[in-house]
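Colleague: Sequence and predicted model, in that order:
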Amino acid sequence: MTDATLSNVPDRVKPSSEALLSKPTGRGPRDNAQVIRWILLFLGGVLMVMPIAYMISTSLKWPHEVYNVNLIPEEPTLDNYVYVLEDGRFYGWFVNSIIIATLTTISNLFFDSLVGYTLCKFRFPGRTLVFIAILSTLMIPTEMLVIPWYLMSQQFGWLDSYWGIMFPGLMTAFGVFLMKQFFESVPDDFLEAARIDGLNEFQIWWEVAMPLVRPALAALAIFVFLGNWTAFLWPLIVTNSVEMYTLPVGLSGFGDEADVAWELIMTGAAISTIPTLIVFLIFQRFIIRGVVMAGLKG
Amino acid sequence: MADLALRSLTKAYGQTEVLHGIDLTVADGEFVVLVGPSGCGKSTTLRLIAGLEDVTAGAIEIGGRDVARLEPKQRDIAMVFQNYAIYPHMSVRKNIAFGLRSSNLPKADKARRVDEVAELLGMTPLLDRKPNQLSGGQRQRVAIGRAMVRDPKVFLFDEPLSNLDAQLRTQMRLEIKKLHQRVGTTIVFVTHDQVEAMTLADRIVIMKDGHIRQVGTPSEVYRSPADTFVARFIGAPSMNLIEGHAVSGTVTLASGGTMPLARGKGDVLLGVRPDDLHPVDGPALIEGRVTVQEPLGPDTLIYVETRAGEIIAKADARTPPAVGSTVRLGAAPEDVHLFDRESGLAVA
């Protein structure tokens, strides 16, 4: 650390000059392991951050500089942002993505938790079979499903519509599984107490069980929102008109057939990360605050 | 308030019958405790009364109305759970008010009821707290408050004190007893702790293997146990049972001693509570070597190795027989219980 950089650091966290000058003595195997851990974590961090750094870097470059691997643009510019934000299509795609990701998230939170709760807390013939059937759909890759989805959309007239884009993801096997596992941790006493207090089964689920699994709902909301926000293959297939494109589909089409405008794609991508960051910031506090056990024996 | 009657109440899970035709009547305002070892069916009985389990056969009458096939909410009962089951996302006020969720009372009346109950339980200053800001005893009070606010015909308690520490348990036991004396609602209370049962109950119901073994006041079940199971289950330490043979007014113990008793015939078990068995100088019931002393303060329990096995007796704490010494133990004839050895039933 140089003096120049140290001058910006508050006094209480500055290492003393003695500490900086003194050589470490008697470094043991535990210290070495610690150093290796730090190096590995640093490398992992770099791997995670680099694509984002390059995305932002490219969004600040002129077209002729896009294929240079330098992280700091030689002539940084905000022209790409101005261009993208002034392009009317971008707003349309942005709104489409917001509508689709939001509605799909709400649908998943409702139906996945309803099904997960039912499979977890009710005993009925075929319960295990239903659960296995739902889980088994996780093993079918999306690429195999797009053809039946497309044929279905065609038959029902859902092509090039919000409904057509959303319907395959309105409920997910992963969400059902996640919610079922979380409902396992909700003690039956809560539900039985509510039953005695006069609530019907739907009210018990909504008013008692759902607030107890808020962390799981928050996690599911983040997963589903991100999944739909970044979904590419199915929206590409089911939409025909440029107006119905979602953000990833629309962004991929920036430029022309001869030349892909990476600087514009990266600019759109950088802007499109903002809603996902907001969703994460809203829901992460619910994940951290696990309260299920608070009402039980202390 | 109402009386409660169980008539030939039977519960089976598949082919396994766990309750075998329970008959029990609980008078209006009575405090009845169901007690027994794990798996005896006491909690199942309570859950059947609550409507949380389906009845296989029989009837449950509350205030003369058969509720066995009704939903829990239609039975006008309230239940306090072992784990309290108060909702962590709601304040104390909302938790208590939740009991009135399906009531048709005007909002102001509901609020007044909540305040009354909170006052009664000493919870008024804590009404706006969340459960995670309460101690175990306070949480239990909230659970009781939620049950009380509905003014049910019958209160059901499912081992509500078993998660509390010993001191708090004693305190809450007293509070529940006082509360019952004040509100006078019919209570069915389940516990596996016989001390809890003895101290709380107007009548105790002792259960084993899905059957009722005895119903009686705490004094009755302690003084006149119906069989050897009740005799050993009620009272701590357990009653000593010594094999013997009764012939023409005298019981001769297999270990040697005799006792003049004008009842019983043939092979019997002679039961004496440790409280009633003391070291004596004169004619003894049994004798043996002291192996362990347990000072209790006013008395000392002594464990005596005899020809009939280990016997527990009570000695004066000031002059307890030394460990290793031989001691002669005796009891007054009126403190001695006699059971048929084969059936285990008390001999009148």
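Modeller: Yes, it's here. Numbering: from 1, shown residues only, chains lettered A, B, ... in the order given.

Colleague: can you count the residues close to the residue of the stretch 51-200 of chain A found nearest chain B?
Modeller: Nearest to chain B in the stretch 51-200 of chain A, going by C-beta to the nearest C-beta, is residue A:198, at a distance of 3.0 Å. All C-beta spots, glycine's among them, are computed from the backbone N, C-alpha and C. Counted by other C-beta atoms under 10 Å in any protein chain shown, the residues lying close to residue A:198 total 18.

Colleague: So it versus residue A:217, what's the distance?
Modeller: Note on residue A:198: its distance to residue A:217, by C-beta to C-beta, to the nearest Å, is 25 Å.

Colleague: Now do residue 62, the pLDDT please.
Modeller: Picked chain A for this. You'll see residue A:62 listed with a pLDDT of 90.

Colleague: Chain B, not that one
Modeller: Per-residue confidence at residue B:62 stands at 94 (pLDDT).

Colleague: check which helix or strand covers the residue in the stretch 151-300 of chain B that chain A sits nearest to.
Modeller: Nearest residue of the stretch 151-300 of chain B to chain A, counting by C-beta to the nearest C-beta: residue B:163, 4.0 Å away. Following DSSP states H and E, one finds residue B:163 outside all helices and strands.

Colleague: What is the neighbour count of the residue nearest to residue A:226 when sequence neighbours are not counted?
Modeller: Ranked by C-beta to C-beta, 6 or more residues apart in numbering or on different chains and with sequence neighbours excluded, the top spatial neighbour of residue A:226 is residue A:276, at 5.7 Å. Applying other C-beta under 10 Å, we find 15 residues neighbouring residue A:276.

Colleague: Check which helix or strand residue A:276 maps to.
Modeller: Residue A:276 belongs to helix A:262-288, assigned by DSSP H and E.

Colleague: Same check on residue A:178?
Modeller: In this structure, residue A:178 is located in helix A:173-184 according to DSSP H and E.

Colleague: Give me the contact list for that helix.
Modeller: A:108, A:111-113, A:115-117, A:119-121, A:131, A:134-138, A:209, A:213, A:215-217, A:219-220, A:223-224 (C-beta atoms under 8 Å, 6 or more residues apart in numbering or on different chains).

Colleague: list the buried ones in it?
Modeller: A:173, A:174, A:175, A:176, A:177, A:178, A:179, A:180, A:182, A:183 (16 or more other C-beta atoms under 10 Å in any protein chain shown).

Colleague: Could you do stretch B:201-209 as well?
Modeller: Under the neighbour-count criterion of 16+ other C-beta under 10 Å, stretch B:201-209 has B:201, B:203, B:204, B:205, B:206, B:207, B:208 buried.

Colleague: Could you do stretch B:213-229 as well?
Modeller: By 16+ other C-beta under 10 Å, the buried positions in stretch B:213-229 come out as B:213, B:214, B:215, B:216, B:218, B:221, B:222, B:225, B:226, B:227, B:228, B:229.

Colleague: List just the nearest of these to residue A:29.
Modeller: Nearest to residue A:29, judged by C-beta to C-beta, of those is residue B:229 at 63.0 Å.

Colleague: which SS state does that closest one fall under?
Modeller: Per DSSP: H, G, I helix; E, B strand; the rest coil, the local secondary structure of residue B:229 is helix.
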